[in-house]
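**Q** Next one to model:
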Amino acid sequence: MRGLSAAEVADRVARGETNATKRTTSRPLWHIVRDNVLTLFNAILTVCFVVIAVFGDLRDGLFYAIVVANSLIGIVQEVRAKVALDRLALLASPVVAVLRDGEVVLLHPGEVVLGDTVVLRSGDQVVADGTVVDSVDLTINESLLTGESEPIQKGEGDTVLSGALVATGTGHAVVTAVGAHSYANRLTSEIRRHSLARSELRTATNRILVYISWLLGPIVMIVIGSQFLAGRFDVQAFVDGRWRETLIGIVASVVGMIPEGLVLLISLAFGVAAIRLARQRVLIQELAAVEILARVDVLCLDKTGTLTSGDVAFLRADPLLVDEHMDAALSLFARVDEANATALSLAETFPEVGAVAGRRLPFASKRAYSGLECHSGGVVSTWVLGAPERVLAGHPDAAALAAGHAAVGHRTLALARVDRLPGPDDLVLEGVAPVAVLLFGETIRADAAATLTYFAEQGVRCVVISGDNPITVAALATGLGVGETSIDASTLSGDDELRAALGQHSIFGRVTPDQKRAMVRVLQEDGHTVAMTGDGVNDAMAIKDADLGIAMGSGTSASKAVARLVLLDNEFSRLPNVLAYGRQVIANVERVANLFLAKTVYGIVFAVVFAVLLWQFPFLPRQLTLVSTLTIGIPAFFLALAPNRRIYHPGILGRLLRYAAPTGLIAAATTIAANAVLHGMVDVEQARAITTVGLWITAFWILCVLTRPLDRWRALLLASMVAAFLLAITVPFGREFFAMPLRFEPPLLVGLGAGILGAVAVELFYRNARRRGLIYDRL
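**A** Numbering: from 1, shown residues only. Okay, here's the model as predicted:
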């Protein structure tokens, strides 16, 4: 097989028969604009602004400037995150081995053309549909496409589909469909992406927004109906122009009910975290993945490439039997297509000597060895290389030697001659003559101990699961704080035994890919949120099944294809930063969501109560904008991005409703009481201004308790909001713009008293809620 020539490739490129697609990690620009602009609440507020512009004072349309600013900030921030993620996605994209002009070349998936001969190797992801032309124990995992979890044997003439993963073996396939015509690209995006990250924040806020949407329609109808009943839309109202004032009051009641910046702040918090992590070369496949690590309470770690550097060094061979063909055999093991990192490390010590590989059997986890026929010097010999406990099963002395090396942390493999090349399903070897025990060294990452200690302090349990010898794994893990004893997973059968072992131990060796998946599933069934890190094809399906899959940048295409988060520089120490940003997002957004929802609660109560009482609505839209901007909008923007190390606590939705509803009701009750007292005492303009002061004081105290514990910058933020409000009600321009003609007379004490009473009630409720766990201070 020579593959395509350069001329044939150029011809196919000219005809557009390439594998280039427009898929990116992040959302398309149009989706970003649509989701920030074309929302239900923006549509309602746009209608309100049009009403103000046509029939009222444009100053009452100030709220719409905030709507526009929210949308622009959201778009800009998400586009910045999109650009950062797309750049990193290019670095994380897989490479494909293709035969061209008789040589193997490495290409990006988009450079593959129709008719190319693709080399399939264990750990690769199939990038285009093709037909197998030859194979050696080739199995393909199509679970991402079909849901079938068991790898499928593929031979000559069989079809391989883009998006599938090469589980074991090697082979060649001729590409039959590329780009938009390939199988994976014909699937819907829902199927193509194995699953969307579940965001508790988005789930909780979306549910609240649905509740609010259901309430808006009936409440608006009640408000309008009450104005007709009060005679504010009769003929005389249209003659003297009072209907305009009534219409503005209806607009004010609608504006007061809508939490217009809540969705923006969630997107903003996710986007900022994504950009910060991108600067540290952490690729987030889905923005919500930032939040998930904050919820993780069990972190499953593959040893190689995660706790260790991933660089395997051949140390020496301890001979058990003198065999003149040993060097030739090891040279071939290091150079066959399917050679893994351990076998490749033999190449420097065992150079090519003219030997030729005949039939081969690639490594597979279920066998724990690989095999080949060595043609050297006119002699054909058959060899196996693999786990000592499998290869040396019938040779206790040799097995004991290997176990002794494993006990001091060396990775060990056994080399043996056999009478015949085993079949793909042969687990027991026949005619074994042990030749040598090979020793390999791995280096524990310098930051591994500190990283694992950090997770332990944060309440995250770490479980090491590896395919290596359990004695070796335990020796390497000693001193990392995970444990000192290990379990041989090959002795465990069934979920019950796995669950019992996981309950008592945190280090596992000889774990098969299926057992890795089962461990993740068992932990999830027991109520844990599980993250899985790894870099090999054996880790891929466990990474896919975990709540948060984390792959190393140097890992296989299979592991990176299913991971939600990729550490491009292979630095395990980046994970604490991901955890910190995730916790910051959850804790901060929960706090500021309380502000928005408290405003929605008192806005709904205002609309309903004043409608039922047939009273004039007590605020102008611009006055509500003043209150919400200085007690919610500006402070929430800063609070959402502030450092916050609070440990995650489940049940966000319940806490939001149990805290925001009472505080919103307190603000509504004291404000309505103040307005009732002011009836007949002062004119309408004075009543509105005084009522606004009372509402602002209570709303400001809701903000105060949610910023605790105070530090210098938070105190400065609160002081700035107080100063801004005082300027708005004392400076002539502010008094006129916001319609605040306050006079320092006894009626003003009504508003001040109501506000202070509301603040005291909020403080008492806060302290009670804190004792009951309805709100958590930053830890």
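**Q** So which residue is dead centre in the protein?
**A** Ala289 (0.7 Å; CA atoms, centre = their mean).
**Q** I'd assumed Asp547 was in contact with that one.
**A** No. Assessed by CB atoms under 8 Å, Ala289 is found out of contact with Asp547, at 9.5 Å. C-beta coordinates here come from the backbone N, C-alpha and C atoms, glycine included.
**Q** Regarding this structure, what is its longest helix?
**A** In the chain, with assignment by DSSP state H, the single longest helix is helix 575-612.
**Q** Determine the set of other helices and strands touching the host helix or strand of Ala687.
**A** According to DSSP states H and E, Ala687 maps onto helix 684-706. Under the contact criterion of 3 or more CB pairs under 8 Å, 6 or more residues apart in numbering; DSSP states H and E, helix 684-706 touches helix 575-612, helix 621-628, helix 652-678, helix 712-730, helix 746-772.
**Q** residues of the last one that come out buried?
**A** Spelled out, that is helix 746-772. 747-748, 750-751, 753-759, 761-762, 765-766, 769 (16 or more other CB atoms under 10 Å).
**Q** And these, which is closest to Phe363?
**A** Ala769 (57.9 Å; CB to CB).
**Q** orientation of the helix holding Ala687 relative to helix 575-612 in degrees?
**A** 150 degrees (axes from the mean of the first three to the mean of the last three CA atoms, to 10 degrees).
**Q** for helix 684-706, what is the average pLDDT?
**A** Averaged over helix 684-706, pLDDT sits at 93.
**Q** Span of stretch 544-551 from start to end?
**A** Length of stretch 544-551, first residue to last, CA to CA, to the nearest Å: 10 Å.
**Q** which parts of it are buried?
**A** Buried-residue list, stretch 544-551, by 16+ other CB under 10 Å: Lys544, Asp545, Ala546, Asp547, Leu548, Gly549, Ile550, Ala551.
**Q** Now do the contacts for the third one.
**A** Spelled out, it's Ala546. Cys300, Val520, Val530, Ala531, Met532 (CB atoms under 8 Å, 6 or more residues apart in numbering).
**Q** Let's see which of those residues end up in strands.
**A** Cys300, Val530, Ala531, Met532 (DSSP state E).
**Q** So how do I select the buried members of these in ChimeraX?
**A** Buried members of the ones in strands among the contacts of Ala546, defined by 16+ other CB under 10 Å, are picked up in ChimeraX with:
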select :300,530,531,532
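**Q** Now do His410: how many residues are near it, please.
**A** 22 (other CB atoms under 10 Å).
**Q** what about the strands in the stretch 401-550 of the chain?
**A** 411-417, 433-441, 461-465, 487-488, 507-509, 530-534, 548-552 (DSSP state E, counting those that start in this stretch).
**Q** Figure out which of those strands is closest to Ala728.
**A** strand 548-552 (45.6 Å).
**Q** by how many degrees do that closest one and strand 530-534 diverge?
**A** Using the same axes, to 10 degrees: strand 548-552 against strand 530-534 is 20 degrees.
**Q** Please list the residues outside strand 548-552 that contact it.
**A** 197, 289, 292-293, 296, 305-306, 310, 529-535, 539, 542-543, 559-560, 562-567, 570, 575.
**Q** Next secondary structure after it?
**A** helix 557-562.
**Q** now that following helix, how far from the centre of its chain.
**A** Relative to the centre of its chain, helix 557-562 is centred 15 Å away, using CA atoms, centre = their mean, to the nearest Å.
**Q** same deal with stretch 116-129?
**A** 27 Å.
**Q** cool, stretch 476-486 as well?
**A** 29 Å.
**Q** The residue lying closest to Arg367 once chain neighbours are set aside: neighbour count?
**A** Leaving aside its sequence neighbours, Arg367 sits nearest to Leu427 (CB to CB, 6 or more residues apart in numbering; 6.3 Å). Leu427 is flanked by 11 other residues according to other CB under 10 Å.
**Q** Hmm, Tyr369 and Leu427 touching each other?
**A** No. Counting by CB under 8 Å, Leu427 stays clear of Tyr369, with 9.6 Å between them.
**Q** which neighbours do the two share?
**A** Arg390.
**Q** which residues does the nearest residue to Thr533 once chain neighbours are set aside bridge with?
**A** Residue nearest to Thr533 in three dimensions, not counting chain neighbours: Ile550, with 4.2 Å by CB to CB, 6+ apart. Counting by DSSP bridges, Ile550 is bridged to Thr533, Leu565.
**Q** what does Arg461 give?
**A** Under the criterion used (DSSP bridges), Arg461 bridges to Val298.
**Q** residue contacts, it?
**A** Asp297, Val298, Leu299, Phe455, Ser506 are the contacts of Arg461 under CB under 8 Å, 6+ apart.
**Q** go on, Ile32?
**A** Contacts of Ile32 by CB under 8 Å, 6+ apart are Ile75, Glu78, Val79, Lys82.
**Q** let's see 10 Å
**A** Contacts for Ile32 (CB atoms under 10 Å, 6 or more residues apart in numbering) come out as Ser26, Gly74, Ile75, Val76, Gln77, Glu78, Val79, Ala81, Lys82, Ser267, Gly271.
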